[in-house]
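S.K.: sequence first, predicted model second:
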Amino acid sequence: MSNSNSKPTILWLRRDLRLGDHPALLQACGRGGPVIPVFIRDDNVDGLGAAPKWRLGLSLRVLSEALERKGSRLILRSGPAGDVLERLIAETGADSVIWTRLYDPASIKRDTDIKAGLKAQGICAQSVGGHLLFEPWTVETGQGGYYKVYTPMWNAVKDRDVPAPEAAPRAIPAPENWPASDDLEGWRLGAAMQRGAAVVSGWQRPGEACAEDRLAWFTGDGIEDYGQARNLVAVDGTSGMSEYLSLGEISPRTCWHAGLGALHRGAKGAEKWLKELVWREFAYHLMYHTPRILSDNWREEWASFPWNEDERLSEVWAWKQGRTGVPFVDAAMREMYVTGRMHNRARMIVASYLTKHLMCHWRIGQKWFEDCLTDWDPASNAMGWQWVAGSGPDASPYFRIFNPETQQQKFDPDGDYVARWIAEGRDSPERTALAYFDAVPRWWNLSPKDTYPQPLVELSEGRKRALAAYEARNF
């Protein structure tokens, strides 16, 4: 139903692909006139890696169906975002544009320029929160600066009042005439996935409803043992919220209050999970205040550290393929190619192995994850790599040279995880291990009948080399 007495509002969707607890959507509906939801394929979208771009397409399809059930629809347009919005305003007579804030430097620049341009034309342009629990500029140390260490930030925000999540609007006012839309299939967002899409698709549960179901299961049953289970790589012991939060298929406030509810019920793992939600906030806090974390060493004294930066090295290629000869590392990389995700404990192991045992720059790994992870998030990916490498916040490089063998003994003691993902040398490989060979490019020319490779480097020697490099620079 439309309100012919009010002009339309354009709701510019980005990483907020949901209807529940959506401040920008509620504000748009509250204006009284028609609401036109639009997603724009601009340079920021085209610059996404293969897996996250493909996963975005899955989410857009689900959101489009959800909007149709509300009597609305999702308009898709391509081109520079500012130009697209101006054309839509001219076509629809809209007098306002509302969107959810993003915090990476490219988005900030784009959005700032667009807001200024729209306001200069007399268009109401508003950005609102919704992607984070706390706006980065509202969290300060006692001295007035930003937090550089996680634990003090946790202590500063853990007792803050977080508003309860709001329900989705019952109806979304529709215009009498909808503007034209691109065809989602025509965008071919999954083209770069090639044959891997068919394998990874079996592991995807996109959309808000799936996010809510997973959260309900986790905070009802899974969270009790989260403190221990989250590190057991063969166990479904984590929340699984990373991909949903990355695309905004669920709000952080919804997650926070579900976690608080579990905490108040006495669930042992609840506080640890709430801390992980704030760890995500910390990553965004640092990205906003120190955007160099995305591309340069956060600790600037690491600029001269002698990492290899040549991605053409055979060792780098073996790491990317999951053929380092270290079973825990290789299993983790293969899990990523089959599922689009990687267990968080495993991420630390593969990152430590690349940056410590192989002495390769964290940017190599950051870039590869950006292309391969369906739950890729700019802030979390950058901070995670630098945290492990030693060049980031809370850095303790000496203590983060993880030994993959002892880590496997501790977190995969029965070898279930390794067996799940590595086929070579096994008489009856598991289906998941075989799926790796269907997911990776054909030109890799890999077969489950191949001989499993010898280790690239003896683990104790790799550790000694890394320690010598740290000591030479007095870290």
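M.R.: Received the coordinates, thanks.
S.K.: would you state the strands of the protein in chain order?
M.R.: Secondary structure of the chain (DSSP state E): strands at 9-13, 35-41, 75-78, 96-100, 124-128.
S.K.: using CSV, write out the CA atom coordinates for the longest one.
M.R.: Translated: strand 35-41. The C-alpha coordinates for strand 35-41 follow below in CSV (Å, rounded to 0.1, in the frame of the first residue of the first chain):
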residue,chain,number,x,y,z
VAL,A,35,9.9,2.7,0.5
ILE,A,36,12.1,1.5,-2.4
PRO,A,37,14.8,-1.0,-1.3
VAL,A,38,17.8,-0.9,-3.6
PHE,A,39,21.1,-2.8,-3.8
ILE,A,40,23.8,-1.2,-6.0
ARG,A,41,26.5,-3.2,-7.6
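S.K.: elements contacting that strand?
M.R.: For strand 35-41, the packing partners by 3 or more C-beta pairs under 8 Å, 6 or more residues apart in numbering; DSSP states H and E come out as strand 9-13, helix 23-30, strand 75-78, helix 81-92. No exception for glycine: its C-beta is placed from N, CA and C like everyone else's.
S.K.: do the same with the last one
M.R.: Applying 3+ C-beta pairs under 8 Å, 6+ apart, we find strand 124-128 packed against helix 23-30, strand 96-100, helix 105-120.
S.K.: looking at the ones you listed, spot the one closest to residue 54.
M.R.: helix 105-120 (20.4 Å; C-beta to C-beta).
S.K.: turn the strands of the chain into TSV, including distance to residue 242, mean neighbour count and mean pLDDT.
M.R.: Compiled in TSV, those are given as follows (distance: least, C-beta to C-beta, whole Å; neighbours: other C-beta atoms under 10 Å; pLDDT from 0 to 100):
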stretch	distance to residue 242	mean neighbour count	mean pLDDT
strand 9-13	20	26	98
strand 35-41	21	24	98
strand 75-78	25	19	98
strand 96-100	18	23	98
strand 124-128	23	17	98
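S.K.: need these in a markdown table with distance to residue 22, can you?
M.R.: Supplementary listing: these in a markdown table, determined by distance: least, C-beta to C-beta, whole Å:
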| stretch | distance to residue 22 |
| --- | --- |
| strand 9-13 | 9 |
| strand 35-41 | 10 |
| strand 75-78 | 17 |
| strand 96-100 | 8 |
| strand 124-128 | 9 |
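S.K.: closest to residue 59 out of the helices and strands packed on strand 124-128?
M.R.: Across these, the minimum distance to residue 59, taken as C-beta to C-beta, is reached by strand 96-100, at 14.4 Å.
S.K.: strand partners of that closest one, parallel vs antiparallel please.
M.R.: strand 9-13 (parallel), strand 124-128 (parallel) (DSSP bridges).
S.K.: okay, those in CSV with distance to residue 250 next?
M.R.: As requested, the strands paired with strand 96-100 are arranged in CSV below (distance: least, C-beta to C-beta, whole Å):
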stretch, distance to residue 250
strand 9-13, 15
strand 124-128, 17
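S.K.: please identify which of the ones you listed is closest to residue 23.
M.R.: Closest among the strands paired with strand 96-100, using C-beta to C-beta: strand 124-128, at 4.8 Å.
S.K.: now the angle from the closest one to helix 105-120?
M.R.: Relative orientation of strand 124-128 versus helix 105-120 (axes from the mean of the first three to the mean of the last three C-alpha atoms, to 10 degrees): 150 degrees.
S.K.: give me the contacts around strand 124-128.
M.R.: 23-24, 27, 95-101, 111, 114-115, 118-119 (C-beta atoms under 8 Å, 6 or more residues apart in numbering).
S.K.: ok, which pair from these is furthest apart?
M.R.: Taking C-beta to C-beta, the two most distant members of the contacts of strand 124-128 are 95 and 101; they sit 20.9 Å apart.
S.K.: below-threshold pLDDT in the stretch 351-475 of the chain: ranges please.
M.R.: 395, 397-399, 475 (pLDDT under 70).
S.K.: number of residues surrounding residue 443?
M.R.: 6 (other C-beta atoms under 10 Å).
S.K.: about what we covered before: among the helices and strands packed on strand 124-128, which is nearest residue 140?
M.R.: Among the helices and strands packed on strand 124-128, the nearest to residue 140 by C-beta to C-beta is helix 105-120 (19.1 Å).
S.K.: many thanks, have a good one.
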